[in-house]
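>>> pasting a predicted model and its sequence here:
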Amino acid sequence: MQRSTAVIYTLFFAGAVAFVIANSGPKGRGAASAPADAGADADAGSPAPASVDGDAGTDAGGEGLPEVAPPEQATRSDAGVTLLSGEAPPGLPTEAPKKVRFGVVLVQYRGAQGAPPAARSKEAALALARELAEVARTDWKAAVDKGDKGSTDDLGFIPRGVLEPAPEYELFSLPKGGVSGPVDTPRGFWITRRIE
């Protein structure tokens, strides 16, 4: 009996690991290993569509190679690494908690992980995130309702060392009940509220 139970649990665990690995590639939603521009163009590697005159595009040598738009990756390199000021976040104080319970308002933009191809520009997203941060200070629920899909009152507990440096600094520096300003993450702008 114990041996068959162990085999069943082992197979279940192996299947779960295989599922996670299979869905953590560039097309996996929210995968940490997915490129920051994964949602920007579902088929960035495919040939450019033919123009109105039927020419599929040529390179400078006229070889008929497809033109591919440059990825937005270059503008995303500091997402989650720097604060909005462009500075690296300072180290957390020694009295910072080891884990916190939090909620988040998400404002996605073109090129962020999981963002639809028709998402707003980064500049428009930052303007909206700043507005929602003001709302969140007085009415958290209203800000969550106005945020993008993925915004939630309570995401549960998260330990230190899981998030990128900038959102981790913002979140773990908040007092209980405190609300952060916008912080850029690979998933879009976050406004966080520390619950516990």
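It's in. Numbering: from 1, shown residues only.
>>> use CA for all of it now, contacts and neighbours both
Noted.
>>> who's in contact with the nearest residue to Gln108 once chain neighbours are set aside?
With CA to CA, 6 or more residues apart in numbering as the criterion, Gln108 has its nearest non-adjacent residue at 4.4 Å, and that residue is Gly188. For Gly188, the contact set (CA atoms under 8 Å, 6 or more residues apart in numbering) comprises Leu106, Val107, Gln108, Tyr109, Ala112, Gln113, Ala115.
>>> now render the residues you listed as CSV, adding distance to Pro89.
What follows is the contacts of Gly188, written out as CSV (distance: CA to CA, whole Å):
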residue, distance to Pro89
Leu106, 20
Val107, 21
Gln108, 22
Tyr109, 22
Ala112, 21
Gln113, 22
Ala115, 25
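>>> I'd like these written out as CSV, with pLDDT added.
Formatted as CSV, the contacts of Gly188 follow (pLDDT from 0 to 100):
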residue, pLDDT
Leu106, 97
Val107, 97
Gln108, 97
Tyr109, 97
Ala112, 95
Gln113, 94
Ala115, 95
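>>> tell me which of those residues fall in strands.
Those of the contacts of Gly188 mapping onto strands are Leu106, Val107, per DSSP state E.
>>> the residue nearest to Gln108 bridge partners, please.
With DSSP bridges as the criterion, Gly188 is bridged to Thr185.
>>> quick check: pLDDT value at it.
Note on Gly188: pLDDT of 96.
>>> ok, now how distant is it from Pro93?
26 Å (CA to CA, to the nearest Å).
>>> mind listing the helices for the chain?
Using DSSP state H, the helices of the chain run over residues 2-22, 73-76, 122-138, 140-146, 165-173.
>>> buried ones in the fourth one?
Right, helix 140-146. Judged by neighbour count using 16 or more other CA atoms under 10 Å, the buried positions of helix 140-146 are Trp140, Ala143, Val144.
>>> same check on stretch 116-132?
In stretch 116-132, counting by 16+ other CA under 10 Å, buried: Pro116, Pro117, Ala119, Arg120, Lys122, Ala125, Leu126, Leu128, Ala129, Arg130, Leu132.
>>> who's in contact with the third one?
Spelled out, it's Ala119. Gln108, Tyr109, Arg110.
>>> for the closest residue to Arg137 other than its chain neighbours, name its beta-bridge partners.
Excluding the flanking residues, the one nearest Arg137 by CA to CA, 6+ apart is Val179, at 6.1 Å. Note on Val179: beta-bridge partners by DSSP bridges are Arg193.
>>> surely Val179 and Ser173 touch.
No - using CA atoms under 8 Å, Val179 is not in contact with Ser173, being 10.2 Å away.
>>> between these two, which has more neighbouring residues?
When neighbours are counted by other CA atoms under 10 Å, Val179 and Ser173 differ, and Val179 comes out ahead with 24 against 18.
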